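A.B. asks: What follows is a predicted protein model with its sequence.
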Amino acid sequence: MPKPFIQMFSKNKFSAYLFVFIFFIVSVFAGISIGTVQVPVRDIIFLFSHHFFGTPLDGVDASFDNIVWKIRFPRVLLSGLVGASLAVAGAAFQGLLRNPLADPYTLGVSSGASAGAVMVLFFNIQLPWLSGFTLPVVSIAASIVTIFIVILFAQAIERSMKVETIILTGIIFSSFLGAIISLMIALTGEELRQIIGWLLGSVSMRGWDYIQLILPFFLVGTFLLMVHAAELNAMSFGEEKAQYLGVNVRRKKLIVLVAGSILTGAAVAVSGTIGFVGLVVPHFIRLIWGPDHRHLLPLSMLAGAGFLILADLVARTVISPTELPIGVITSVIGAPVFAIILLRKQRKGRGTA
């Protein structure tokens with residue numbers, strides 16, 4: 001996209017929301033419509049109207065109702081919630097740490113959530129007072145513990161806690177937790193396929209129950225970050241300046257870290273490890289429409305939802321009838337983008353040196 005067009009486009013926030021919303025809606029309808037059985041968009045609209053407003057299903061194939069309402073719509077909705085959660089968490093972490101390389105994956109939060117979830121599956125843990133919410137709650141708790149261990153360890157290495165040190169520490173802990181997960185997999189018997197399939201990342205064969213699991217955590221985590229968008233703007237200029245502007249940096253940083261971990265833990269609990277969504281989406285939104293978190297967070301939420309819906313669509317259709325893990329698709333896209341961001345950041349650092 002030419003630079004003058006980007007500058008002109010980025011000034012109009014209404015066009016930003018309109019563009020991203022249309023992208024999201026198109027992704028939703030594409031995800032529901034395309035598959036082994038093609039469902040016309042007209043029939044999808046009639047089915048939505050029937051389920052939400054009770055209108056009659058005149059001229060709609062009865063088999064489409066099961067395909068759309070019981071299989072594809074919950075899958076699209078779940079992938080959208082997961083993508084939105086990871087993108088919003090990534091945008092918040094990048095703003096807080098003032099680094100485009102920060103995201104739940106590189107900071108070790110995803111690995112912590114994965115380790116917690118694998119422990120639930122491995123030991124068949126079922127907490128009586130949580131029932132079906134055991135998996136997301138343990139996953140969220142593990143992600144929160146991980147991010148605080150990463151921060152404390154980075155502080156022990158370097159008191160000033162440079163962002164590069166935090167990210168490097170996150171990568172180290174990701175490797176360590178990955179080794180623990182591998183050990184549990186090696187000791188696993190019958191649950192091996194379930195754990196490996198879950199780790200690769202997928203929203204396949206997950207119905208409305210999984211949406212009920214992630215939805216409350218998504219709402220809480222997103223709300224906490226949205227109401228602290230102004231503080232994130234202040235902290236993105238540095239902690240000293242934020243403090244000068246009257247921000248309680250320590251408290252607000254804690255809230256942002258916990259909220260991001262809640263979103264990441266809940267997403268990982270229902271879909272497994274899906275990397276790079278929290279890195280790629282906020283980076284492009286920030287590049288086009290700027291770093292103001294009042295707009296960056298909601299735009300990243302919609303774009304992240306649409307991106308993962310399309311990634312899931314590719315995962316289930318590219319070699320149909322076999323499905324690829326969705327994490328494979330996001331990694332194929334995200335890894336080169338990560339390398340480009342790193343290269344640009346390195347060149348920028350040399351240019352200012």
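C.D. replies: Structure's in. What do you need? Numbering: from 1, shown residues only.
A.B. asks: Where is the longest helix in this protein?
C.D. replies: helix 326-352 (DSSP state H).
A.B. asks: what about the spatially closest residue to Phe29 that is not a sequence neighbour, how many neighbours?
C.D. replies: Nearest residue to Phe29 in three dimensions, chain neighbours excluded: Val41, at 5.5 Å (C-beta to C-beta, 6 or more residues apart in numbering). Every C-beta, even on glycine, is put in place using the N, C-alpha and C of the backbone. Neighbour count for Val41, taken as other C-beta atoms under 10 Å: 11.
A.B. asks: hang on, the earlier thing: same question for the longest helix of the chain: list its buried residues.
C.D. replies: Ile326, Gly327, Val328, Ile329, Thr330, Ser331, Ile333, Gly334, Phe338, Ile341 (16 or more other C-beta atoms under 10 Å).
A.B. asks: Which neighbouring elements make contact with it?
C.D. replies: Contacts defined by 3 or more C-beta pairs under 8 Å, 6 or more residues apart in numbering; DSSP states H and E place helix 326-352 against helix 277-289, helix 293-317.
A.B. asks: what's the least confident stretch among those?
C.D. replies: Mean pLDDT per stretch puts helix 277-289 lowest among the helices and strands packed on helix 326-352, at a mean of 90.
A.B. asks: CA atoms only: put that helix into PDB for me.
C.D. replies: Extracted as PDB, the C-alpha positions of helix 277-289 are listed here (Å, rounded to 0.1, in the frame of the first residue of the first chain):
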ATOM      1  CA  VAL A 277      -1.800 -13.600  16.400                       C
ATOM      2  CA  GLY A 278      -1.000 -11.200  19.200                       C
ATOM      3  CA  LEU A 279       2.200 -10.200  17.400                       C
ATOM      4  CA  VAL A 280       1.100  -9.700  13.800                       C
ATOM      5  CA  VAL A 281      -2.400  -8.200  14.100                       C
ATOM      6  CA  PRO A 282      -1.600  -5.300  16.600                       C
ATOM      7  CA  HIS A 283       1.600  -4.500  14.600                       C
ATOM      8  CA  PHE A 284      -0.300  -3.900  11.400                       C
ATOM      9  CA  ILE A 285      -3.100  -2.000  13.100                       C
ATOM     10  CA  ARG A 286      -0.600   0.200  14.800                       C
ATOM     11  CA  LEU A 287       1.300   0.700  11.500                       C
ATOM     12  CA  ILE A 288      -1.800   1.900   9.600                       C
ATOM     13  CA  TRP A 289      -3.900   3.600  12.200                       C
END
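A.B. asks: Contacts only, for the closest residue in space to Phe284 that isn't next to it in sequence.
C.D. replies: Nearest in space to Phe284, with sequence neighbours left out and distances taken as C-beta to C-beta, 6+ apart, is Ala303 at 7.5 Å. With contact taken as C-beta atoms under 8 Å, 6 or more residues apart in numbering, Ala303 is in contact with Val20, Phe23, Phe24, Ala87, Val281, Phe284, Ile285.
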